[in-house]
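Chemist: from the sequence below, what's the structure:
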Amino acid sequence: MNIEKYDEIRASLPGGVRLVAVSKFKPAEDIAALYQHGQRVFGENHAQEMKAKHEVLPQDIEWHFIGHLQTNKIKYIAPYVALIHSIDSFPLLKEVNKYAVKNGRIIPCLLQFHIADEETKFGFTLEECEDMLLSAEFQELKNVVIHGVMGMATFTDDQAQVRREFHHLRRIFEDLKTRYFSQNPDFKELSMGMTDDYPIAISEGSTLIRIGSAIFGPRNYSV
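Modeler: Residues are numbered from 1 along each chain as shown. Alright, predicted model coming up:
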């Protein structure tokens, strides 16, 4: 783990930008060490892995789910997850609402948009999202609340392309805020930016950056 890099990133963040320490495939001991250093927000990609860590780590950790979420895995995170970044379809949001009801919770969520020039990434198109937001079914969901949007830029060295994609997501956020969430003060999060592109994301308005390898080092897939 690179505590010096963590401190450097934290010190560079402007007001209003939070760091999500991406701890996927990292042991609980590493998370505990960063927790002792003051970090409280951690992001995981796998529901069962997050559940196992939640059970052995301090209860005031704010767990963010940032990976592709399968409907049959929602049950592992619904009792405690602080924010789901990766709502990429209406059926998934409805299932999260169902498990939120079962757990007596209102679960904060972000809508994930497909902004990259890569077919392997998930997310709504703007048209799909608007169809959902205008539907009577969406209005009936009382146990989820939309806090903003998330997206991942193309994995490329072309920084101009990355900037265009983040700028596009910012425009989507602003458009949705104006037209659908103007009365919702919780709609304020723009989750974009990872280890290789977070400075660009911040300059384009990100409020949540998701940093893993710069802090924890290369992934260990055997954990």
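Chemist: against Gly217, how distant is the residue lying farthest from the centre of the chain?
Modeler: Distance from the centre of the chain peaks at Ala136, with 26.0 Å (C-alpha atoms, centre = their mean). According to C-beta to C-beta, to the nearest Å, Ala136 and Gly217 sit 48 Å apart. Backbone N, C-alpha and C define where each C-beta goes, glycine included.
Chemist: center of the protein - which residue?
Modeler: Taking C-alpha atoms, centre = their mean, the centroid of the chain lies closest to His85, which sits 3.0 Å from it.
Chemist: alpha carbons of the helix or strand containing that one, as CSV, please.
Modeler: Here His85, judged by DSSP states H and E, is contained in strand 83-87. Only the C-alpha atoms of strand 83-87 are listed here, as CSV (Å, rounded to 0.1, in the frame of the first residue of the first chain):
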residue,chain,number,x,y,z
LEU,A,83,-24.3,4.0,-2.2
ILE,A,84,-24.7,1.8,-5.3
HIS,A,85,-22.9,3.6,-8.2
SER,A,86,-23.8,1.1,-10.9
ILE,A,87,-27.5,1.1,-11.6
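Chemist: what residues does it touch?
Modeler: 43, 62, 64-69, 77, 93, 96, 107-112, 122, 147, 150, 189, 191, 208, 210 (C-beta atoms under 8 Å, 6 or more residues apart in numbering).
Chemist: quick one: mean pLDDT over the helix or strand just after it.
Modeler: Following strand 83-87 in sequence order, the next helix or strand is helix 90-102 (DSSP H and E). Taken as a whole, helix 90-102 has a mean pLDDT of 98.
Chemist: just the C-alphas of helix 90-102, formatted as CSV.
Modeler: Presented in CSV, the C-alpha positions along helix 90-102 are these (Å, rounded to 0.1, in the frame of the first residue of the first chain):
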residue,chain,number,x,y,z
PHE,A,90,-34.6,-0.3,-14.8
PRO,A,91,-35.0,-4.0,-13.8
LEU,A,92,-32.0,-3.7,-11.6
LEU,A,93,-33.3,-0.6,-9.8
LYS,A,94,-36.6,-2.3,-9.2
GLU,A,95,-34.8,-5.2,-7.6
VAL,A,96,-32.8,-3.0,-5.4
ASN,A,97,-36.0,-1.3,-4.3
LYS,A,98,-37.5,-4.7,-3.5
TYR,A,99,-34.5,-5.6,-1.2
ALA,A,100,-34.5,-2.2,0.3
VAL,A,101,-38.1,-2.8,1.4
LYS,A,102,-37.2,-6.1,2.9
